[in-house]
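Participant: based on what follows, work out the 3D shape:
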Amino acid sequence: MFEIIKSFSFFDRIFKWGKIDKVNSVAFTEFQTISRELGELSEQNKNAQIRTDNICQNLENQKDQFFQLQREKDALKNLSENINQELRSKENELGALKEADLKNSKRIVELEKETERFRTSIEQYHAEIQEKENELGALREADSKNSKRIIELEKETEKFRTSVELYHTKIQEKENELGGLKESDNKNFKRVRELENELSIKHNENQQLIKDKIENERQLSAFKDGEKQAQEQYEHKITELNSLKKQLDDDRRRIQSEREEEIKNQFERMCATWKVHEKNVEEMIRGTCTRHQIEYINKEQTPFKGKPDNTLKIAGEYIIFDAKSPSSDDLNNFPTYIKNQTEQLKKYVKEKDVNKSLFLVIPSNTVDVIEQFYYNLAEYQVFIVSLDTLEPVILSLKKIENYEFVEQLSPEERENICRVIGKFAHATKRRVQIDSYFCGEFINILNACENLPEDILEKTQEFEKSDKMNPPLEKRAKLIASTQLKKDARRIKQEAEAQDIDVVVCDSAIETLPLYKPEQN
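Facilitator: Numbers count the residues shown, from 1 in each chain. A predicted model of the protein is given here:
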């Protein structure tokens with residue numbers, strides 16, 4: 001706005017004052033924006049004051065807030081400089097307007113003087129015109145010789161009339177210019193009052209911001225002093241903490257070294273125990289057998305293959321006690337090792353007169369890592385026992401000799417047992433015979449499939465490759481329920497009857513098949 005006002009010429013000030021009004025409106029809008037920004041900055045200053053009061057609550061947050069206060073201080077400083085610059089601009093504008101007002105006043109006086117001068121000239125011209133007209137009348141009455149003078153006077157009169165009209169036009173322009181300058185002078189006077197009021201308000205705001213800046217600087221200085229003391233305390237505590245940490249690290253290393261030494265000694269003792277474990281088991285079993293008159297068979301005298309570590313003979317059966325110990329200090333793999341050893345005991349069960357209950361003897365200090373002490377396998381069972389429990393186990397086995405189970409049964413019970421065993425043997429043999437018969441029939445059917453046409457045979461082989469049969473999976477610890485077998489048999493029988501298959505006739509026909517080959521003469 002100031003640049004536009006400075007660039008205005010005299011006639012622009014008279015005829016283009018509306019442009020200054022538009023620029024003035026824009027400048028006033030900018031001034032309102034600056035006022036809002038000042039209000040926002042004042043609110044931010046209040047928030048900064050609140051944050052400054054809460055700085056002492058936490059040492060770590062004080063540093064961040066310290067930097068925040070510095071940034072706000074710079075912002076207030078910049079704001080103060082901007083306001084001072086704006087005040088200087090407003091003062092310049094006020095001076096320019098006052099200067100323009102002074103110039104307008106001088107111009108008004110000059111125009112009034114020029115107007116008065118023009119009016120005096122007009123009156124003089126009117127007087128001269130009257131004189132010329134009087135002279136013209138006198139000349140008309142004079143002699144005709146004066147006709148030339150009359151024409152000249154008429155031309156001069158016409159010229160004076162033209163000059164009078166020109167002066168009238170100039171007087172009208174000057175009066176219009178005078179009215180515009182008076183109106184502009186009134187507007188400038190109002191604008192000067194408004195700018196003086198705004199300047200007073202800005203000056204008050206600037207004084208308030210200066211006071212806030214001084215207060216913030218005082219609080220910032222106090223905060224720096226407090227932070228310096230807190231930093232010194234922090235460094236002192238850090239020094240004490242480092243000393244304590246060093247002492248704790250030394251104690252931890254010493255305790256760790258003692259603990260490792262103790263664990264090493266313990267493992268050495270355990271390893272020494274495991275190395276002589278087999279010998280200790282043999283001595284324990286031999287002593288127990290000697291005290292209780294039980295036959296002991298050592299590894300070299302075992303009458304069957306495999307050569308177990310210790311063998312007892314009780315009630316005509318060989319009972320095996322095999323000693324097992326860890327191969328290293330790591331006990332994590334020992335349970336897996338024991339489980340694998342139970343699988344390998346199957347070689348002893350195949351021998352004649354070997355009891356189906358086998359025993360693995362482990363060191364007493366490895367019992368904690370063993371989770372399973374009993375393995376029930378298909379053909380035998382394995383018990384995991386420690387060295388401390390050997391004598392009670394052997395004494396419980398010796399009680400087998402105190403009675404003969406079969407002789408205590410009644411004749412009827414013996415007959416029932418034999419009947420059940422016989423039925424099982426007959427059913428097993430019959431199933432083998434039937435499976436063999438159907439196996440041959442199925443093989444004949446497969447051989448007959450080879451005679452099918454090639455395209456049908458290839459298609460059949462493709463379906464055969466894509467098909468898959470999964471019979472029920474047998475699990476070791478899962479019992480096959482007889483009720484489920486009966487239910488499945490009834491279901492199969494119902495499905496066969498639905499297909500018009502006479503399963504009863506099949507049963508009778510199968511029963512007529514001989515179980516054994518006829519004797520040949």
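
Participant: next one: phi and psi at Asp500?
Facilitator: Asp500 adopts backbone torsions of phi 60, psi 40, taken as degrees, to the nearest 10.

Participant: swap that for Lys16, please
Facilitator: Backbone phi and psi, for Lys16 under degrees, to the nearest 10, turn out to be phi -130, psi 40.

Participant: for it, give its distance to Ser184.
Facilitator: Distance of Lys16 to Ser184, given as Cβ to Cβ, to the nearest Å: 11 Å. Yep, even glycine has a C-beta here, placed from its N, CA and C like the rest.

Participant: what of Ile417?
Facilitator: For Ile417, the distance to Ser184 - Cβ to Cβ - is 139 Å.

Participant: neighbour count: the two, which is higher?
Facilitator: Shown here are Ile417 and Ser184; by other Cβ atoms under 10 Å, Ser184 has more neighbours (17 against 12).

Participant: wait, that one touches Phe15, no?
Facilitator: No. Using Cβ atoms under 8 Å, Ser184 is not in contact with Phe15, being 11.0 Å away.

Participant: list the contacts of Lys90.
Facilitator: 195, 198-199, 202 (Cβ atoms under 8 Å, 6 or more residues apart in numbering).

Participant: take those residues and keep only those in helices.
Facilitator: Under the assignment DSSP state H, the contacts of Lys90 contribute 195, 198-199, 202 to helices.

Participant: which of those lies closest to Lys6?
Facilitator: Proximity of the ones in helices among the contacts of Lys90 to Lys6, judged by Cβ to Cβ, is greatest for Leu195, which lies at 16.2 Å.

Participant: the closest one touches Ala96, doesn't it?
Facilitator: No. Assessed by Cβ under 8 Å, Leu195 is found out of contact with Ala96, at 10.4 Å.

Participant: domain ranges for the chain?
Facilitator: 2-247, 278-402, 412-463, 481-511 (automatic domain parsing).

Participant: to Ile263, which of those domains lies closest?
Facilitator: Short answer: domain 278-402, nearest of the domains of the chain by Cβ to Cβ, at 9.4 Å.

Participant: and the strands in the stretch 201-350 of the chain?
Facilitator: 295-297, 310-314, 317-323 (DSSP state E, counting those that start in this stretch).

Participant: isn't Glu371 right up against Pro335?
Facilitator: Yes. Counting by Cβ under 8 Å, Glu371 touches Pro335, with 6.1 Å between them.

Participant: more neighbours: which of those two?
Facilitator: Pro335 (15 against 9).

Participant: hmm, Thr366 and that one touching each other?
Facilitator: No. Between Pro335 and Thr366 there is no contact under Cβ under 8 Å: 9.4 Å.

Participant: residues of stretch 226-246 that come out buried?
Facilitator: Glu227 (16 or more other Cβ atoms under 10 Å).

Participant: most surrounded residue in the contacts of Lys90?
Facilitator: Counting by other Cβ under 10 Å, top hit in the contacts of Lys90: Lys202 with 19 neighbours.

Participant: per-residue confidence at it?
Facilitator: Looking at Lys202, its pLDDT reads 80.

Participant: if I look at it, how far off is Lys90?
Facilitator: Distance from Lys202 to Lys90, by Cβ to Cβ: 7 Å.

Participant: coming back round to it: now the strands of the stretch 201-350 of the chain in TSV, with mean pLDDT?
Facilitator: Converted to TSV, those look like this (pLDDT from 0 to 100):
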stretch	mean pLDDT
strand 295-297	89
strand 310-314	88
strand 317-323	89
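
Participant: turn the ones you listed into JSON lines, including mean neighbour count and distance to Thr162.
Facilitator: Below are the strands of the stretch 201-350 of the chain laid out as JSON lines (neighbours: other Cβ atoms under 10 Å; distance: least, Cβ to Cβ, whole Å):
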{"stretch": "strand 295-297", "mean neighbour count": "15", "distance to Thr162": "165"}
{"stretch": "strand 310-314", "mean neighbour count": "21", "distance to Thr162": "159"}
{"stretch": "strand 317-323", "mean neighbour count": "21", "distance to Thr162": "152"}
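
Participant: can you put these in JSON lines and add distance to Lys159?
Facilitator: Shown next, in JSON lines, are the strands of the stretch 201-350 of the chain (distance: least, Cβ to Cβ, whole Å):
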{"stretch": "strand 295-297", "distance to Lys159": "170"}
{"stretch": "strand 310-314", "distance to Lys159": "163"}
{"stretch": "strand 317-323", "distance to Lys159": "156"}
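
Participant: so which of those strands is nearest Glu112?
Facilitator: Closest to Glu112 of the strands of the stretch 201-350 of the chain is strand 317-323 (Cβ to Cβ; 139.8 Å).

Participant: surely Asn310 and Tyr296 touch.
Facilitator: Yes. The pair Asn310 and Tyr296 qualifies as a contact (Cβ under 8 Å) at a distance of 7.3 Å.

Participant: burial count for Phe383?
Facilitator: If we define neighbours as other Cβ under 10 Å, then Phe383 has 16 of them.
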